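S.K.: sequence plus predicted model, see below.
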Amino acid sequence: MSGFQRVLLLGTGPTSIQLAVTLKKQLNCDVGISGRESVRSEKVFKALESSNHLIQASVQNEQHQAMAGQCYVDKVFKGYETIQGDWDTLIFSVTTDAYMDVLKQISDDLLKQVKCVVLVSPTFGSNRLVKNYMRRMNPNVEIISFSTYFGDTRWIENQPRNHVLTTGVKKKIYLGSTHYSSENVDQLRQLYERLGIALEIMKYPIEAETRNISLYVHPPLFMNDFSLRVIFGELETKKYVYKIYPEGPITQNLIEEMLAHWKEIITIIEKMNIQSINLLKFMIDDNYPVRQENLSRKDIESFNHLPSIHQQYLLYIRYTSLLIDPFSEPDEQGKYFDFSAVPFRKVFVNKEGYWDIPRMPKEDYYRVKIIQGIANYLKVDCPTIDRFIERYERKIDQFARSHSGELRSHAFTAQNFEEDLQMICDEFEKGYKEKSKS
């Protein structure tokens with residue numbers, strides 16, 4: 001029997017609202033939503049209460065109408081510890097560093113009867129982390145990892161409530177399951193097909209987790225000295241994530257580090273006997289295309305086999321080619337859409353009154369620390385990743401010392417994520433032992 005009969009979404013962000021509408025519309029299943037109590041989530045809970053649990057998803061582009069609609073959520077739980085009832089599927093729509101915190105708040109009795117856990121936007125090792133936690137109470141549960149969330153969804157008028165807008169949808173997503181070929185996987189493939197998204201099934205969940213472009217580009221883009229100075233408020237002038245220096249962080253050195261970072265991850269992946277990726281092809285074919293006049297198909301396909309300096313050259317061309325949207329229509333002055341004008345978000349005082357760090361690079365810090373820990377376990381040297389972490393931790397320490405008398409979130413403390421790493425590495429060890437027995 002399919003696991004998508006009674007589905008509980010964990011998280012109260014825009015992604016959860018869009019997923020709830022999609023599941024109701026496409027699968028006609030019972031849907032619940034739960035989230036932690038916070039100033040932001042309180043607005044969502046109040047909107048759900050005042051609308052009798054009505055939610056709505058709008059789309060920016062007509063071709064994405066399959067995702068638009070409205071429906072009533074069957075159950076809403078304020079606080080993960082309050083979840084009750086029988087739920088066959090849990091869908092994690094929270095940041096990757098919150099998986100363990102959420103799981104620990106859900107009762108063991110509920111987790112014991114869950115048939116399927118879906119990780120919407122995991123990072124490298126997330127599936128093994130959740131698998132290790134679930135092993136003691138529900139060892140046969142199916143755990144599915146997507147490579148990433150399927151679109152770009154935000155609150156209507158930038159206000160947390162019960163209505164969201166999806167502005168873009170990815171053409172292709174990867175999926176990996178602990179059960180590889182299952183009825184749940186087949187149903188998800190059919191669902192994504194109806195949404196107009198290609199879903200490629202990988203043999204192992206961690207393979208899908210390596211197909212997230214953020215894994216390769218966020219650390220070099222956000223964990224360089226220029227970007228960190230912007231994020232931590234040391235530069236007043238507005239700067240942009242994807243622009244060339246001095247408008248943004250992209251320099252010859254950043255591209256060199258991006259390439260080195262990719263190669264370090266590839267070394268880890270290959271040591272695990274996982275199929276690696278062609279970074280340039282992945283950027284262009286699975287994410288944002290450029291015109292063939294800028295990058296030839298021959299260079300794209302042969303990227304992995306080229307000398308490093310040639311690879312750096314092609315990556316630099318890729319980013320300069322996307323300074324504008326190469327497929328947009330120019331205005332009367334011949335100007336194309338300013339595609340790269342994505343401003344950096346800076347440290348801010350959150351709604352609880354604490355200094356906090358934006359999701360990028362806060363979540364990227366967790367991501368690279370986990371990769372660093374896995375690399376240490378596999379005895380793989382990763383000097384570029386080590387350098388990213390050293391820079392970031394130095395910056396949060398400087399900020400914490402300069403704001404010592406003010407309220408600060410836990411994000412301003414250097415962390416080891418030791419418990420998560422131990423659980424992930426334990427699953428590696430179990431996998432090696434099972435292979436040696438067979």
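M.R.: Great, that's in hand. Every value quoted in this text rests on a predicted model; they were computed, and no experiment measured them.

S.K.: using the three-state scheme, assign residue 152.
M.R.: Following DSSP: H, G, I helix; E, B strand; the rest coil, the label given to residue 152 is strand.

S.K.: name the nearest residue to it, sequence neighbours excluded.
M.R.: residue 168 (4.1 Å; C-beta to C-beta, 6 or more residues apart in numbering). No exception for glycine: its C-beta is placed from N, CA and C like everyone else's.

S.K.: that neighbour belongs to a strand?
M.R.: Yes - with three-state DSSP as the criterion, residue 168 is assigned to a strand.

S.K.: and it, what pLDDT?
M.R.: Among the per-residue scores, residue 168 shows a pLDDT of 89.

S.K.: state the distance from it to residue 24.
M.R.: 22 Å (C-beta to C-beta, to the nearest Å).

S.K.: residue 408 too?
M.R.: From residue 408 to residue 24 the distance is 40 Å (C-beta to C-beta).

S.K.: do the same with residue 363
M.R.: 28 Å.

S.K.: which residues touch residue 241?
M.R.: The contact partners of residue 241, by C-beta atoms under 8 Å, 6 or more residues apart in numbering, come to 221, 222, 227, 248, 249, 340, 342, 343, 344.

S.K.: any of the residues you listed buried? List them.
M.R.: Neighbour counting with 16 or more other C-beta atoms under 10 Å marks 221, 222, 227, 248, 249, 340, 344 as buried within those.

S.K.: the third one reaches residue 249, doesn't it?
M.R.: Yes - counting by C-beta atoms under 8 Å, a contact exists between residue 227 and residue 249, whose distance comes to 4.6 Å.

S.K.: shared neighbours, those two?
M.R.: What both residue 227 and residue 249 touch, as defined by C-beta under 8 Å, 6+ apart, is the set 221, 239, 241.

S.K.: which regions of this structure sit below the pLDDT cut-off?
M.R.: 1-2, 432-438 (pLDDT under 70).

S.K.: residue closest to the middle of it?
M.R.: residue 121 (4.1 Å; C-alpha atoms, centre = their mean).

S.K.: quick one on the thing from earlier: of all the shared contacts of residue 227 and residue 249, which comes closest to residue 308?
M.R.: Checking the shared contacts of residue 227 and residue 249 against residue 308 by C-beta to C-beta gives residue 221 as the nearest, at 19.3 Å.

S.K.: surely that closest one is in contact with residue 254?
M.R.: Yes - at 7.3 Å, residue 221 counts as touching residue 254 under the criterion of C-beta under 8 Å.

S.K.: circling back to that earlier point, and the residue nearest to residue 152, how far from residue 337?
M.R.: With distances taken as C-beta to C-beta, residue 168 is found 13 Å from residue 337.

S.K.: let me know the closest of the shared contacts of residue 227 and residue 249 to residue 380.
M.R.: Taking C-beta to C-beta as the measure, residue 221 is the one of the shared contacts of residue 227 and residue 249 closest to residue 380, at 22.7 Å.

S.K.: give me the three-state assignment for the closest one.
M.R.: Following three-state DSSP, we place residue 221 in the helix state.

S.K.: and it, what is it in contact with?
M.R.: By C-beta under 8 Å, 6+ apart, residue 221 lies in contact with 227, 241, 242, 249, 250, 254, 258.

S.K.: mind redoing it with 7 Å?
M.R.: 227, 241, 249 (C-beta atoms under 7 Å, 6 or more residues apart in numbering).

S.K.: how about those residues in JSON lines, adding distance to residue 28 and secondary structure?
M.R.: Formatted as JSON lines, the contacts of residue 221 follow (distance: C-beta to C-beta, whole Å; DSSP: H, G, I helix; E, B strand; the rest coil):
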{"residue": "227", "distance to residue 28": "45", "secondary structure": "helix"}
{"residue": "241", "distance to residue 28": "40", "secondary structure": "coil"}
{"residue": "249", "distance to residue 28": "46", "secondary structure": "coil"}
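
S.K.: can you redo those residues as TSV with distance to residue 73?
M.R.: Formatted as TSV, the contacts of residue 221 follow (distance: C-beta to C-beta, whole Å):
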residue	distance to residue 73
227	38
241	34
249	41
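
S.K.: pick the one among these closest to residue 400.
M.R.: Nearest to residue 400 among those, counting by C-beta to C-beta, is residue 227 at 18.6 Å.

S.K.: my guess is that closest one contacts residue 250, does it?
M.R.: No - checked against C-beta atoms under 7 Å, the pair residue 227 and residue 250 is beyond contact range at 10.0 Å.

S.K.: what is in contact with those two at once?
M.R.: Counting by C-beta under 7 Å, 6+ apart, nothing touches both residue 227 and residue 250.

S.K.: surely the residue nearest to residue 152 touches residue 154?
M.R.: No - judged on C-beta under 7 Å, residue 168 makes no contact with residue 154 at a distance of 10.2 Å.

S.K.: more neighbours: which of those two?
M.R.: Under the neighbour definition other C-beta atoms under 10 Å, residue 168 and residue 154 were set side by side, and residue 154 has more, 15 against 12.

S.K.: beta partners for that one?
M.R.: residue 165 (DSSP bridges).

S.K.: thinking it is in contact with residue 14, fair?
M.R.: Yes - the criterion here is C-beta under 7 Å, and residue 154 meets it with residue 14 at 5.5 Å.

S.K.: quick check: neighbours shared by these two?
M.R.: residue 164.

S.K.: kindly confirm my reading that residue 8 is in a helix.
M.R.: No - according to three-state DSSP, residue 8 belongs to no helix; its state is strand.

S.K.: and the strands in the stretch 1-150 of the chain, which stretches?
M.R.: 6-10, 30-35, 54-59, 69-72, 75-78, 89-92, 116-119, 142-146 (DSSP state E, counting those that start in this stretch).

S.K.: sorry, wrong one. I was asking about the stretch 301-438 of the chain.
M.R.: So, for the stretch 301-438 of the chain - with DSSP E, counting those that start in this stretch - the strands run 348-349, 355-356.

S.K.: give me the residues contacting the last one.
M.R.: By that I understand strand 355-356. Under C-beta under 7 Å, 6+ apart, the answer for strand 355-356 is 347, 348, 349, 350, 403, 406, 407, 408, 409, 411, 412.

S.K.: for residue 271, which non-adjacent residue is spatially closest?
M.R.: residue 378 (5.2 Å).

S.K.: got the domain boundaries for the protein?
M.R.: Split into domains by automatic domain parsing, the chain comes to 6-209, 214-437.

S.K.: what's the end-to-end length of the first one?
M.R.: Spelled out, it's domain 6-209. Length of domain 6-209, first residue to last, C-alpha to C-alpha, to the nearest Å: 25 Å.
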